[in-house]
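quick check, what structure comes out for this input:
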Amino acid sequence: MKKRFMTVLYHTGMIMGSFIMLYPLLWLLGSSLKTNEEYFASPYSLMPTTWAFSNYIEGWGGFARLTFTTFFRNSILIAAVSTLGTVVSCSLAAYGFSRIQFRTRKFWFGAMLLTMCLPSQVLMVPQYLLYNSLGWVGTYLPLMVPSFCGNAFNVFLLMQFMKNIPGEIDEAAVMDGCSRLQLFGRIMLPLVKPAVATVAVLSFMGSWSDFMGTLLYLNKPRMYPVSFALRLFSDESGTNYGPMFAMSVASLVPVLVLFFIFQKSLVEGISTTGVKG
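Purely as a prediction, here's the structure:
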């Protein structure tokens with residue numbers, strides 16, 4: 001009886017905890033199907049009394065002949081290029097730090113880790129001045145090019161996986177005639193797939209939801225991604241909540257699909273379990 005009681009108590013606690021975690025998502029989904037009048041009348045209820053599916057049609061219609069098809073296409077372009085740049089640059093940097101011995105390795109590794117201590121707000125003004133002097137403001141370049149310069153956290157994450165790979169593998173590959181680039185592409189990357197998938201998913205999610213970068217560097221509505229286009233539902237006359245919530249739900253779909261596809265690799269990569277023998 002005691003074991004059954006503990007089992008019931010455990011599952012009850014897990015269900016309650018899951019509901020608390022999912023409540024914001026359920027609230028957003030329910031609110032996307034409410035009219036503005038019903039939303040103000042009962043903002044905390046999860047179930048709408050009248051199902052306003054027209055919010056999705058109205059929201060997808062967008063603004064000034066710009067539908068959310070355009071905004072989704074912009075988001076996919078920015079997130080895909082940024083993810084590619086992050087994966088390539090971070091994996092190369094991690095490979096260099098973890099597998100290649102050079103004289104100033106510890107110095108540069110420490111300098112890389114120090115960049116994690118800088119708040120992003122400190123870098124906004126100098127970065128904007130730099131990109132403005134290069135003529136990049138008003139283009140996608142400030143949102144894409146920095147991803148090809150690496151990220152300290154992602155480099156460190158990939159390094160933990162690469163360090164767990166036995167060095168004998170490198171020696172055997174070199175004896176078989178592999179160059180450094182072939183060793184990296186044909187042997188190292190396949191062995192660290194969970195970590196690479198983790199970096200790719202985290203990079204895609206961060207780029208997909210980036211609001212501040214769009215606010216700083218883009219000035220044409222036809223170039224806006226979804227994260228910034230949602231702001232257009234609010235103006236001086238008020239906020240159209242139903243369509244805004246509907247498009248917020250739609251913006252979650254690509255991220256959720258990507259997460260569920262790579263869920264196993266993502267969990268394994270974050271836990272940094274290393275290489276299976």
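
where does pLDDT dip in the chain?
236, 268-277 (pLDDT under 70).

try it again with 50
273-277 (pLDDT under 50).

who's in contact with the residue minimising distance to the centre of it?
Nearest to the mean C-alpha position of the chain, by CA atoms, centre = their mean, lies Met205 at 1.5 Å. By CB atoms under 8 Å, 6 or more residues apart in numbering, Met205 lies in contact with 255, 258-259. Using the backbone N, CA and C atoms, a C-beta is placed for each residue, glycine as well.

in what helix or strand does it lie?
Using DSSP states H and E, the element containing Met205 is helix 193-208.

same question for Gly177.
Here Gly177 is assigned to no helix or strand, by DSSP H and E.

for Phe19, see how far away it is.
Noted for Gly177: a distance of 58 Å to Phe19, by CB to CB, to the nearest Å.

quick check: phi and psi on the residue nearest to Asn219 when sequence neighbours are not counted?
Distances taken as CB to CB, 6 or more residues apart in numbering place Gly138 nearest to Asn219, at 5.3 Å, with adjacent residues excluded. Gly138 adopts backbone torsions of phi 100, psi 0, taken as degrees, to the nearest 10.

quick one: contacts for Gly138?
For Gly138, the contact set (CB under 8 Å, 6+ apart) comprises 217-220.

can you do 7 Å?
By CB atoms under 7 Å, 6 or more residues apart in numbering, the residues touching Gly138 are 218-220.

out of these, which is most surrounded?
Leu218 (21 neighbours; other CB atoms under 10 Å).

that one reaches Tyr224, doesn't it?
Yes. Counting by CB atoms under 7 Å, Leu218 touches Tyr224, with 6.2 Å between them.

one step back: so which of the contacts of Gly138 are in strands?
Applying DSSP state E to the contacts of Gly138, no entry is found in strands.

redo those residues as TSV? Include distance to Phe233.
Output for the contacts of Gly138, formatted as TSV (distance: CB to CB, whole Å):
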residue	distance to Phe233
Leu218	18
Asn219	19
Lys220	18
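
only C-alpha atoms, please: export the helix or strand harbouring Leu256 in PDB.
In this assignment (DSSP H and E), Leu256 forms part of helix 241-261. Output of helix 241-261 as PDB, limited to C-alpha atoms (Å, rounded to 0.1, in the frame of the first residue of the first chain):
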ATOM      1  CA  TYR A 241      -5.000  40.100 -30.000                       C
ATOM      2  CA  GLY A 242      -6.800  37.200 -31.700                       C
ATOM      3  CA  PRO A 243      -4.800  37.200 -35.000                       C
ATOM      4  CA  MET A 244      -1.600  38.000 -33.000                       C
ATOM      5  CA  PHE A 245      -2.000  35.000 -30.800                       C
ATOM      6  CA  ALA A 246      -2.900  32.900 -33.800                       C
ATOM      7  CA  MET A 247       0.300  33.800 -35.600                       C
ATOM      8  CA  SER A 248       2.200  33.300 -32.400                       C
ATOM      9  CA  VAL A 249       1.000  29.700 -32.400                       C
ATOM     10  CA  ALA A 250       1.900  29.300 -36.000                       C
ATOM     11  CA  SER A 251       5.400  30.600 -35.300                       C
ATOM     12  CA  LEU A 252       5.900  27.800 -32.700                       C
ATOM     13  CA  VAL A 253       5.200  25.000 -35.200                       C
ATOM     14  CA  PRO A 254       8.700  25.000 -37.000                       C
ATOM     15  CA  VAL A 255      10.600  25.100 -33.700                       C
ATOM     16  CA  LEU A 256       8.400  22.300 -32.200                       C
ATOM     17  CA  VAL A 257       8.800  20.100 -35.200                       C
ATOM     18  CA  LEU A 258      12.500  20.600 -35.200                       C
ATOM     19  CA  PHE A 259      12.700  19.800 -31.500                       C
ATOM     20  CA  PHE A 260      10.700  16.600 -31.700                       C
ATOM     21  CA  ILE A 261      12.800  15.400 -34.700                       C
END
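
could you list the buried residues of the helix holding Met205?
Within helix 193-208, the residues that count as buried by 16 or more other CB atoms under 10 Å are 194-205, 207-208.
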